[in-house]
Every structure is written in structure tokens, then in C-alpha cells.
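K.L.:
sharing a sequence plus its predicted fold:
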Amino acid sequence: MSLGGTAAYGFIGDDLPELVRRAVAEATRVDFEFCVRPEIGRLLATCAGALPVGSLVAETGTGTGAGLAWMVSAADPGVRFISFELDTERAAIAQNVFGHLSNVDVVCGDASELSDRGPFDLLVLDGGPGSGKAAGSVAVDPVEVLRPGGTMTIDDFTPATSWPPMHEGREDGSRMHWMSHPNLKSTEVRVAPDLAVLVCRYLPHHVGW
């Protein structure tokens, strides 16, 4: 979920997947301002669209379903999705948006349920529980939730301009956690001048660079 993300769709023409359009319309209707930005949505669609039939995708922070809609619209119908949303109203809205699709399950819950529903081929973490961004929060363990070779994304970072990356005058502990994780190959993808996404691949026998 991105700050000002819903409003960003007002600058896009008609070239949107229908599911994305529905999810954003629902966000506008209930004054939910934090849809995933289109730039991130396209990256997520690229990741999901490359998955083979039978793959399993998880997302935390469904919102009204914009990010999920980008992925579902690009993926093969044989790819399965599960998305977790803490807010009961938003979870119900997203369940309605995707209710006609048998390969999509929207759950009112959070990242604590990931290990019970995986392992996953693709995991999309927003800035909520499990991402390690919030003060005092615990990041999910990729060893527990990803299949070997699986990919994880963590979005809504400000693009790094130094090493180590900094945030509010201090070393960015969340970003460094993922970039230096011993079981991940990680990189930062700048999707807009003010926006970056971490893309991490779980390689069980990888230790450092």
C-alpha cells in the first residue's frame, strides 16, 4: 500500500486491467488513499506473470485489492493467490472484487498466518506486519515462507542514494536486513524517481555475495 497511491490512478487513462480498475474504484468509494502505486503494480504484474502453473503467491496488506489485481490480471489462471488484510471492511471489499475467481483467496488476517499457508513462490510484503519496517516489528523469515528459488518483494522505499542506505538520518535497518540477509539475493529496483522496491530471491545455500 502506497501513500497517495489511489490518487495516482487519476493520471492514468483507460489502459488498466479491469480488476485493477474495480479495486481502485472501491478504494475511492470508501476514501482509502493507499492503493499500491501503478509503478509498483506493473512490477508485481511482471513477477506474477512469469510464474508457471501451480505456483502459489501470497500478499500482505490487500487494501481493496489493487496490488492483487495487478498480479491476478497478469498471471496464468493456474496460479493461486492468497492475500491477507487486517481491516475487516477492506477485506470484505476485496473478497467481493475477487469473489468470482476460484484461484484467489482474500483472508482477514496478517503475516503471522503466512507460515501456515505456504511455502510460496512469490511473496509480496507491504509496509505492515512482517516487513520489518515498523518500529519494533519482526520481519518474516524467508526460510519459513518461501520455496527455494522463490521471490519476495518489499515496497514503498525511498530510492537509496548512498551505501549503507539511510532513512531519517540513520542507517535504514529494514532495508539492510533484507539486503544483507544470508539466504537472499536482493536488489533495489527504482520504479519512479521517488519510489523503490526491494526484490529478493531465496537461495537456501547462498551465503552473502
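P.N.:
Good, I have the coordinates.

K.L.:
show me the contacts for Ile40.
P.N.:
By C-beta atoms under 8 Å, 6 or more residues apart in numbering, the residues touching Ile40 are Ser2, Gly67, Asp155, Asp156, Val191, Leu195, Val197. In short, each C-beta sits where N, CA and C put it, glycine included.

K.L.:
repeat the analysis, applying 10 Å as the threshold.
P.N.:
Residues near Ile40 by C-beta atoms under 10 Å, 6 or more residues apart in numbering: 1-2, 5, 8, 66-67, 70, 124, 126, 153, 155-156, 189, 191-192, 195-197.

K.L.:
any idea how many residues pack against Pro148?
P.N.:
12 (other C-beta atoms under 10 Å).

K.L.:
surely it is in contact with Leu184?
P.N.:
No: taking C-beta atoms under 10 Å as the definition, Pro148 is not a contact partner of Leu184, at 11.8 Å.

K.L.:
shared neighbours, those two?
P.N.:
Arg201, Tyr202, Leu203.

K.L.:
out of those, which is most surrounded?
P.N.:
Neighbour-wise, the shared contacts of Pro148 and Leu184 (other C-beta under 10 Å) top out at Tyr202, 23 neighbours.

K.L.:
quick check: pLDDT value at it.
P.N.:
Model confidence at Tyr202, given as pLDDT, is 95.

K.L.:
surely it and Arg147 touch.
P.N.:
Yes: counting by C-beta under 10 Å, Tyr202 does reach Arg147; the two are 7.4 Å apart.

K.L.:
anything in contact with each of the two?
P.N.:
Shared contacts of Tyr202 and Arg147, counting by C-beta under 10 Å, 6+ apart, come down to Pro119, Phe120, Asp121, Leu123.

K.L.:
of these, which belong to strands?
P.N.:
Phe120, Asp121, Leu123 (DSSP state E).

K.L.:
so the second one makes contact with Gly54?
P.N.:
Yes: checked against C-beta under 10 Å, the pair Asp121 and Gly54 is within contact range at 8.8 Å.

K.L.:
quick one, helices of the chain?
P.N.:
5-8, 18-29, 38-49, 66-74, 88-97, 114-117, 142-145, 173-179 (DSSP state H).

K.L.:
got the contact list for the first one?
P.N.:
Identification of contacts with helix 5-8 by C-beta under 10 Å, 6+ apart yields 2, 23-28, 31-41, 63-64, 66-67, 155-156, 192, 195.

K.L.:
and these, which of them are buried?
P.N.:
2, 23-24, 26-28, 32, 34-41, 63-64, 66-67, 155-156, 195 (16 or more other C-beta atoms under 10 Å).

K.L.:
contacts only, for the residue nearest the centre of the chain.
P.N.:
Nearest residue to the geometric centre of the chain (C-alpha atoms, centre = their mean): Val124, 2.9 Å. Applying C-beta under 10 Å, 6+ apart to Val124 gives the contacts 36, 40, 43-44, 47-48, 57-62, 67-68, 70-71, 81, 83, 151-155, 197.
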